[in-house]
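Engineer: Sharing a sequence plus its predicted fold:
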Amino acid sequence: MNLKLFILTLFSFSTLVINAQSDSSSPYSLYGLGMENSNYFGGFTALGNTGIGYRSSSNINKSNPASLSSTSTQSFLYEFGLNSTFSNKKDKSTTQHESDFNFTHLAMAFALKNNWGLSFGLLPYTKVNYEIDIVKPIEGNTNYYLTNIIGAGGINQVFFSSGIKVVENLSFGVEIAALFGSITQKQWIYVGNTTSYIKKSDNFFGLGLNAGIQYTIKNIVGTETTIGATINMPTTLNGKNHDFEGYKTMEGTQISIYDNSDDDLNDFDLPLKLGIGISSKINANFLVNMDYRKNYWSETDQTSSNNSFNNQTIYGIGVEYKLSSDLNNYWNRAKYRAGFNYNTGYLKITDEEINNYNFSIGVGLPISKDGVSNVNINYSYGKEGTIKKQLVEDKYHKLSINLSLLGHWFQKQKIF
């Protein structure tokens, strides 16, 4: 890929990622900043969303910035992804089928010098996408009024990461992330011949700091084992809002009741997040990842009348397999993956945890002779939520395609 084409791709996908917040609609994105993004780079989605201990010279690993110390010199890694989600949502009385398609991320990485790598990129951090209809009787008569509520938007993340090997087998990395975005809620109330309209737009911005470490040990479990750990420091997002309220009659007359902008919002706090992971190369063809994460949402003290934010625990395991080390055959260069992820969730609504689990499989198909550039195809099946206490259960199928490319940009051309 030449430089002009790559810059055009960068611009196009940056615009698409910013404007494509939603992965799939979820009533639970009504709370807080929305549902956290669950899309991982490369083949990590098929590995059960693991990667804290994973190291590779030819993959961008967003899970741990320390992994950047393994980035190949004289090369440039770039990756973008898209996914499609098919979901079946139900409560105790109704069922709804939905589908969605989105671009998910854009990232690049390169080595400044041997054992020192840099990465930067753009991706959605949270997603808001819901629609709720409420029908209630009008007090004093037999008529009803309808309230239609639609939420959209979310928070984006621009990140800059660096990882360096500090001593033999030990690497350290840091990441600085800018979080920004807008969450909009529109509400229509239909009563007789009059429609009331309320629009609330909340805009947020904040800076986050994350760090990671990896240590590699030879011949403990298999040929090579890497232990990794990460920490995401608590982050405060500052916000401003714009509120508008008005109504419209059947004759088309529109009257503004209230229009106010740039009011300060209460700060929204993101929690301390800790993670530990192990990645073991059993042999040249078989790899196992295991991750454990703990997010301390209860320390942010964010609650409302019917929900609370609780500490979140995430478990993940994944395996990767190659048929053979003989790369002369195309299918020997392919990587086959499978994984499982369980997430307790951070929301508790009417005393019910909104947890999530998914099973995943995938394949990395080489598109270069050396097998470094790949198309990663990942499929996940999972369930989120419950039908208890008038809540919603979501069973979903997710297909993601990530393109991971390696370009040799820093090599001098030889003239014969």
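Structural biologist: Nice, thanks for sending it over.
Engineer: All the strands of the stretch 51-200 of the chain, in order from the start?
Structural biologist: Remark: strands assigned in the stretch 51-200 of the chain by DSSP state E, counting those that start in this stretch are 76-90, 95-113, 116-124, 126-137, 144-167, 170-191, 194-218.
Engineer: Sheet partners, orientation included, of the third one?
Structural biologist: In the sheet containing strand 116-124, the strands it pairs with under DSSP bridges are strand 95-113 (antiparallel), strand 144-167 (antiparallel).
Engineer: List the buried residues for stretch 156-173?
Structural biologist: Within stretch 156-173, the residues that qualify as buried by neighbour count (16 or more other CB atoms under 10 Å) are 156, 157, 158, 159, 161, 162, 163, 164, 165, 171, 172, 173. Backbone N, C-alpha and C define where each C-beta goes, glycine included.
Engineer: and that stretch, average pLDDT?
Structural biologist: Averaged across stretch 156-173, the pLDDT comes to 96.
Engineer: and if you look at stretch 207-224?
Structural biologist: Model confidence over stretch 207-224 averages 92 on the pLDDT scale.
Engineer: quick one: it to chain centroid distance?
Structural biologist: Computed by CA atoms, centre = their mean, to the nearest Å, the separation of stretch 207-224 from the middle of its chain amounts to 22 Å.
Engineer: starting at the chain centroid, how far to the helix or strand containing residue 269?
Structural biologist: Per DSSP states H and E: residue 269 is located in strand 268-270. Distance, stretch centre to chain centre, for strand 268-270: 17 Å (CA atoms, centre = their mean).
Engineer: Note down every partner strand of that strand and its orientation.
Structural biologist: Taking DSSP bridges as the criterion, strand 268-270 pairs within the sheet with strand 235-249 (antiparallel).
Engineer: Low-confidence regions, the chain specifically.
Structural biologist: For the chain, the stretches flagged by pLDDT under 70 are 1-24, 138-142, 192-193, 247-262, 303-305, 370-371, 408-416.
Engineer: residue boundaries of the strands in the stretch 301-416 of the chain?
Structural biologist: With DSSP E, counting those that start in this stretch as the definition, the stretch 301-416 of the chain shows strands at residue ranges 307-309, 312-321, 335-343, 347-349, 352-353, 356-366, 374-385, 393-407.
Engineer: out of everything not next to it in sequence, what's closest to residue 77?
Structural biologist: Distances taken as CB to CB, 6 or more residues apart in numbering place residue 109 nearest to residue 77, at 4.3 Å, with adjacent residues excluded.
Engineer: The one you found contacts residue 159, correct?
Structural biologist: No: in this structure, residue 109 is not within contact of residue 159 by CB atoms under 8 Å, at 11.2 Å.
Engineer: Mutual contacts of the two, please.
Structural biologist: Overlap between the neighbourhoods of residue 109 and residue 159 consists of 119, 120, taking contacts as CB atoms under 8 Å, 6 or more residues apart in numbering.
Engineer: ok, back up a step: quick one: residues contacting the residue nearest to residue 77.
Structural biologist: With contact set as CB under 8 Å, 6+ apart, residue 109 has these partners: 60, 68, 71, 76, 77, 78, 117, 118, 119, 120.
Engineer: Any chance of CSV for these, columns distance to residue 329 and neighbour count?
Structural biologist: Rendered in CSV, the data for those read as follows (distance: CB to CB, whole Å; neighbours: other CB atoms under 10 Å):
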residue, distance to residue 329, neighbour count
60, 27, 24
68, 31, 31
71, 28, 27
76, 28, 18
77, 25, 26
78, 27, 21
117, 31, 29
118, 35, 17
119, 32, 25
120, 36, 16
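Engineer: For those, please prepare a markdown table with the additional fields distance to residue 397.
Structural biologist: A markdown table is the format used below for the contacts of residue 109 (distance: CB to CB, whole Å):
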| residue | distance to residue 397 |
| --- | --- |
| 60 | 26 |
| 68 | 33 |
| 71 | 34 |
| 76 | 34 |
| 77 | 29 |
| 78 | 28 |
| 117 | 35 |
| 118 | 36 |
| 119 | 30 |
| 120 | 32 |
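Engineer: Out of these, which comes closest to residue 95?
Structural biologist: Of all those, residue 95 sits closest to residue 60, with 38.9 Å by CB to CB.
Engineer: Relative to residue 171, how far out is the closest one?
Structural biologist: 15 Å (CB to CB, to the nearest Å).
Engineer: How about residue 274?
Structural biologist: In this structure, residue 274 and residue 171 are separated by 18 Å, where distance is defined by CB to CB.
Engineer: With distance to residue 321 added, can I get the strands paired with strand 116-124 in a markdown table?
Structural biologist: Rendered in a markdown table, the data for the strands paired with strand 116-124 read as follows (distance: least, CB to CB, whole Å):
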| stretch | distance to residue 321 |
| --- | --- |
| strand 95-113 | 25 |
| strand 144-167 | 26 |
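Engineer: so which of those comes closest to residue 232?
Structural biologist: When the strands paired with strand 116-124 are compared for distance to residue 232 using CB to CB, the nearest one is strand 144-167, at 11.4 Å.
Engineer: Nearest to residue 26 among the strands of the stretch 51-200 of the chain would be which one?
Structural biologist: Taking CB to CB, strand 126-137 is the member of those nearest to residue 26, at 6.3 Å.
Engineer: Counting by contacts, list what the closest one packs against.
Structural biologist: Here strand 126-137 is seen to pack against strand 35-36, strand 144-167 when contacts are counted using 3 or more CB pairs under 8 Å, 6 or more residues apart in numbering; DSSP states H and E.
Engineer: and residue 268, how many neighbours?
Structural biologist: Using other CB atoms under 10 Å, residue 268 has 19 other residues around it.
Engineer: ok, now residue 69?
Structural biologist: Residue 69 is surrounded by 23 other residues when neighbours are defined as other CB under 10 Å.
Engineer: Likewise for residue 223?
Structural biologist: Residues near residue 223, counting by other CB under 10 Å, number 13.
Engineer: And for residue 182?
Structural biologist: Burial of residue 182 is recorded as 19 neighbouring residues (other CB under 10 Å).
Engineer: pretty sure residue 288 contacts residue 337?
Structural biologist: No: counting by CB under 8 Å, residue 337 is not a contact partner of residue 288; they are 11.1 Å apart.
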